[in-house]
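Novice: 3D, please:
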Amino acid sequence: MDILNIISRMSEWVLSFGDSPWAILILILNAFSESIFFPIPPDALLILISLKNIELAILISIITAISSILGGIVGYYIGNKLGRNLVSKIISANHIIKAENLFSKFGFWIIITAAFTPIPYKVFTLTAGVLNLDLKKFIIASIIGRSLRFILIGIMISVLGERISSYTNSNFDLITIIAAIFFLSLTLIILVIKYKIK
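Specialist: Numbers count the residues shown, from 1 in each chain. Take a look at the predicted model:
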């Protein structure tokens, strides 16, 4: 069985809890663990549960965002406490220093992008810890990115209801990539203006 089949079956298994009395708890665990190691993003389960509880869609999305952010913080600490020794055995100290400098300059924006887009957020939570990104910046960036990602879903479902279901499910990656390009372009403009003023 190849990796895609395994992930597909895991995704089906997660979604099978959509009608369960444990749906919210599973969503919380999904969002939390996906920020550390779990391969299935919580978006599909969030959409499924929210469509069954449209009046609670925004609240459910906030719970998802909080769970994911807390998972990200745990991922950061795992990377910070356990990852550096492992990475130093694989990558030269010189390369680690270069990566650390890059993260120190752009880490805030890297985390926001990973938190908002389909890029695996877990990779960057662990990396941020390994490279010792400022924890306060990491948390703020995670709050911005994860809140934008999940709460926007809740707002759209709350406003549009079932009309958004099929479109969001089939075009979620495209929607987030377009939004990320817009967000990064805006960020780049702000940084250019900032450095020109200096």
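Novice: Okay, helices next: where are they in this structure?
Specialist: Using DSSP state H, the helices found in the chain span residues 3-15, 23-34, 43-52, 57-78, 84-90, 93-116, 121-130, 135-160, 165-197.
Novice: State the pLDDT value of the closest residue to Ser33 other than its chain neighbours.
Specialist: In this structure, Ser33 finds its nearest non-sequential neighbour in Gly71, 6.3 Å apart by Cβ to Cβ, 6 or more residues apart in numbering. Just so you know, the C-beta spots here come from the backbone N, C-alpha and C atoms, and that holds for glycine as well. Gly71 carries a pLDDT score of 96 in this model.
Novice: Gly71: how many residues sit nearby?
Specialist: For Gly71, the neighbour count with other Cβ atoms under 10 Å is 27.
Novice: go on, Val159?
Specialist: Burial of Val159 is recorded as 12 neighbouring residues (other Cβ under 10 Å).
Novice: Next one: it from Glu55, what distance?
Specialist: In this view, Val159 and Glu55 are 12 Å apart by Cβ to Cβ, to the nearest Å.
Novice: Next: Gly83.
Specialist: Distance of Gly83 to Glu55, computed by Cβ to Cβ: 42 Å.
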